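Asks: Sharing a model prediction with you, sequence too.
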Amino acid sequence: MLYISDSLNQLIEEFSQLPGIGRKSAQRLALYILKLPKEEVIKIAHALVNVKEKMKYCSVCWNFTETDPCDICRSAKREMNTICVVEEPNDVLAIEKTHEYHGLYHVLGGSLSPLEGIGPDDLKVKELLTRISPEIEEIILALNPDIEGEATTIYLSRLLKPLGMKVTRIARGIPIGGDLEFADEATLTKALEGRVIV
Amino acid sequence: MSTIVKTEAIVLRSVNIRESSKVVTFYTRQFGKVAGMVKGARQSKSKFGSSLEPMSYVLLVFYKKEGRDIQTVSHCDLMKPFRKLYEDLDKMAVGMTMIELVNIVAHEQEQNIELFTLLQRTLNTLNTATHNPSNLLYYFEIRLAKVLGFEPIFGHCVSCRKELKEVAEVRSYKIHVEKGGLICAKCSAVYGHTALLPAGILKIFRQILASNEMEAVFDFEVDEKTRNIMESFIWTYLRYHISGLRALKSDQVFSKMFAGLKNAEGN
């Protein structure tokens, strides 16, 4: 009979709850932790507890933050007339890495997913509408180019357009470093539609 | 031992797993419902592109292994892009209702070419629809009942088989859902009836069952009240005959979305 101590087994169980971690990976991680010096393990444990205790949602943009409102919402350097709507906090990080966008954000917390039963009430849609004021000139919809992202983009654009501001969406097409030969018809069509003068 | 197979398919559902993979449920022409693991599908340079989005009509290549719940997908190429289904919320709502229904009624690896053809043709027609796209859902649902072997009987009494023709002065007809269609006055006195179908709706249903011209349904102009009666009848009928048919999630979500838009757009 295979013997694994209760404490090790519990750690493996906990790790395997994490997204993308199967039983084998969880076992590998648990054994790695076991081999670490005790101080390193305490540092990791503290970091986990710390992030859970300190981080919360920004009550304006619904991104993760330590201070409410978050640094971006409070910053005087940001353009207050533009809001970029994204699905998850990860998307804020991805856009910030470009250093090309200087406006505000709004994190929906997902996208409309009819087949999974996720509707407008499950996302921060009402919260987005309450942020709309005459000062807001543009809403950029930066959602994933999948069917859920499309449904959300169409829905939000129809909700927002009657309120009078410019509603735009990010471009879709061939990724840099990609190959035209392998692009499917739908992606190529979108790339052709979004062509620009050079 | 696995064999590599190629078949036409419609994507019914796509679920993200791990870092960049997906488990996709296909309704295939050759093998019925098949779930497939697509590794690396969510990477921006993935060769699968938009072919794994629900409602896509694709040519699927996968390693088929008996007894395995999730097959391994090798290739998936768009056969014909149904672009309008992703650009028009009304069309998207109809299309997603159809694929959710098929996902519920279809069985794993049980071929039904008629069902595949119905789904593929209906999505194709929906893509090109210029008006009244939601009418196509009635066509699909009535035809679905037929393909699954419980076609509603609208030509004669389900009990005594007496032919029941349309009579100008008759405004509604009695239906016996359990028995599967129209019931004449004499038989309904014995067996009762479960619904009343207005004559105008019966006419539409008869045309749907009689004609293969799917596009004809776009010409039916039905008001909201009639639409509600049609939906209610079809749904009652399907729920009685398909065990385990639950309320559709897509239907509930789109109802909320359309209610919100009606409010915002002031229609």
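Replies: Looks like it arrived, so ask away.
Asks: Point out the other helices and strands that the longest strand along chain A packs with.
Replies: For chain A, the longest strand by residue count, based on DSSP state E, is strand A:79-86. Judged by 3 or more C-beta pairs under 8 Å, 6 or more residues apart in numbering or on different chains; DSSP states H and E, the packing partners of strand A:79-86 are helix A:89-96, strand A:103-107, helix A:125-131, strand A:138-141. (C-beta placed from N, C-alpha, C; glycine too.)
Asks: Please convert these to a markdown table, extending it with mean pLDDT and mean neighbour count.
Replies: Listed next are the helices and strands packed on strand A:79-86 as a markdown table, based on pLDDT from 0 to 100; neighbours: other C-beta atoms under 10 Å in any protein chain shown:
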| stretch | mean pLDDT | mean neighbour count |
| --- | --- | --- |
| helix A:89-96 | 95 | 16 |
| strand A:103-107 | 97 | 23 |
| helix A:125-131 | 95 | 15 |
| strand A:138-141 | 97 | 20 |
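Asks: would you list these in CSV and tack on distance to residue B:233?
Replies: Formatted as CSV, the helices and strands packed on strand A:79-86 follow (distance: least, C-beta to C-beta, whole Å):
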stretch, distance to residue B:233
helix A:89-96, 44
strand A:103-107, 42
helix A:125-131, 33
strand A:138-141, 39
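Asks: Nearest to residue B:138 among the ones you listed would be which one?
Replies: helix A:125-131 (30.4 Å; C-beta to C-beta).
Asks: and the closest one, what other elements does it pack with?
Replies: Here helix A:125-131 touches strand A:79-86, strand A:103-107, helix A:147-160, going by 3+ C-beta pairs under 8 Å, 6+ apart.
Asks: Pull the longest strand of chain A out as PDB, backbone CA atoms only.
Replies: What follows is strand A:79-86, C-alpha atoms only, in PDB (Å, rounded to 0.1, in the frame of the first residue of the first chain):
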ATOM      1  CA  GLU A  79      -6.600  60.400 -19.000                       C
ATOM      2  CA  MET A  80      -9.900  60.600 -17.200                       C
ATOM      3  CA  ASN A  81     -12.000  60.800 -20.300                       C
ATOM      4  CA  THR A  82     -11.300  57.300 -21.600                       C
ATOM      5  CA  ILE A  83     -12.200  53.900 -20.100                       C
ATOM      6  CA  CYS A  84     -10.900  50.600 -21.400                       C
ATOM      7  CA  VAL A  85     -13.200  47.800 -20.600                       C
ATOM      8  CA  VAL A  86     -11.500  44.400 -20.000                       C
END
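Asks: quick one: which of the helices and strands packed on strand A:79-86 is nearest residue B:209?
Replies: helix A:125-131 (41.0 Å).
Asks: related to what we said a few turns ago, can you tell me the strand partners of the longest strand of chain A and which way each runs?
Replies: Looking at strand A:79-86 with DSSP bridges, its partner strands are strand A:103-107 (parallel), strand A:138-141 (parallel).
Asks: And the contacts of that strand?
Replies: Strand A:79-86 has contacts (C-beta atoms under 8 Å, 6 or more residues apart in numbering or on different chains) with A:92, A:95, A:101-108, A:128, A:131, A:135-143, A:156.
Asks: Helix A:147-160 and that one, what's the angle between them?
Replies: Interaxial angle, strand A:79-86 versus helix A:147-160 (axes from the mean of the first three to the mean of the last three C-alpha atoms, to 10 degrees): 140 degrees.
Asks: what residue ranges in chain B score low on pLDDT?
Replies: B:44-45, B:267 (pLDDT under 70).
Asks: middle-most residue in chain A, spatially?
Replies: Computing the C-alpha centroid of chain A and ranking residues by C-alpha atoms, centre = their mean puts residue A:88 first, at 2.0 Å.
Asks: quick one: buried residues of the helix or strand of chain A with the lowest mean pLDDT?
Replies: In chain A, no helix or strand scores lower on mean pLDDT, DSSP states H and E than helix A:185-193, which sits at a mean of 85. By neighbour count on 16 or more other C-beta atoms under 10 Å in any protein chain shown, the buried set for helix A:185-193 is A:185-191.
Asks: That one close to chain B?
Replies: Yes: judged by C-beta under 8 Å from any C-beta of the partner chain, helix A:185-193 comes into contact with chain B at A:185-187, A:189.
Asks: quick revisit: and which of the buried residues of helix A:185-193 is nearest chain B?
Replies: For those, the minimum distance to chain B (C-beta to the nearest C-beta) is 4.0 Å, reached by residue A:186.
Asks: quick one: contacts for the closest one?
Replies: B:49-50, B:78, B:81, B:83.
Asks: Find the nearest non-adjacent residue to the residue nearest to the centre of chain A, please.
Replies: Distances taken as C-beta to C-beta, 6 or more residues apart in numbering or on different chains place residue A:107 nearest to residue A:88, at 6.6 Å, with adjacent residues excluded.
Asks: wait, what's in contact with the one you found?
Replies: Counting by C-beta under 8 Å, 6+ apart, residue A:107 has contacts A:61-63, A:86-89, A:91-92, A:124.
Asks: at 6 Å instead, please
Replies: Residue A:107 is in contact with A:62-63, A:86, A:89, counting by C-beta atoms under 6 Å, 6 or more residues apart in numbering or on different chains.
Asks: again with residue A:70
Replies: Contacts for residue A:70 (C-beta under 6 Å, 6+ apart) come out as A:58, A:63.
Asks: if I read this right, residue B:57 contacts residue B:78, doesn't it?
Replies: No: using C-beta atoms under 6 Å, residue B:57 is not in contact with residue B:78; the gap is 7.1 Å.
Asks: any idea of the mean pLDDT in the longest strand of chain A?
Replies: For strand A:79-86, the mean pLDDT works out to 96.
Asks: Tell me the buried residues in stretch B:60-78?
Replies: For stretch B:60-78, burial by neighbour count (16+ other C-beta under 10 Å) applies to B:60, B:62, B:64, B:71, B:73, B:76, B:78.
Asks: Now the fifth one, what are its backbone angles?
Replies: Phi and psi for residue B:73, reported as degrees, to the nearest 10, are phi -80, psi 130.
Asks: Excluding covalently adjacent residues, which one is nearest to it?
Replies: Residue B:73's closest residue in space is residue B:36 (C-beta to C-beta, 6+ apart), at 4.0 Å.
Asks: Hmm, residue B:71 and that neighbour touching each other?
Replies: Yes: Residue B:36 is within contact range of residue B:71, at 4.8 Å (criterion: C-beta under 6 Å).
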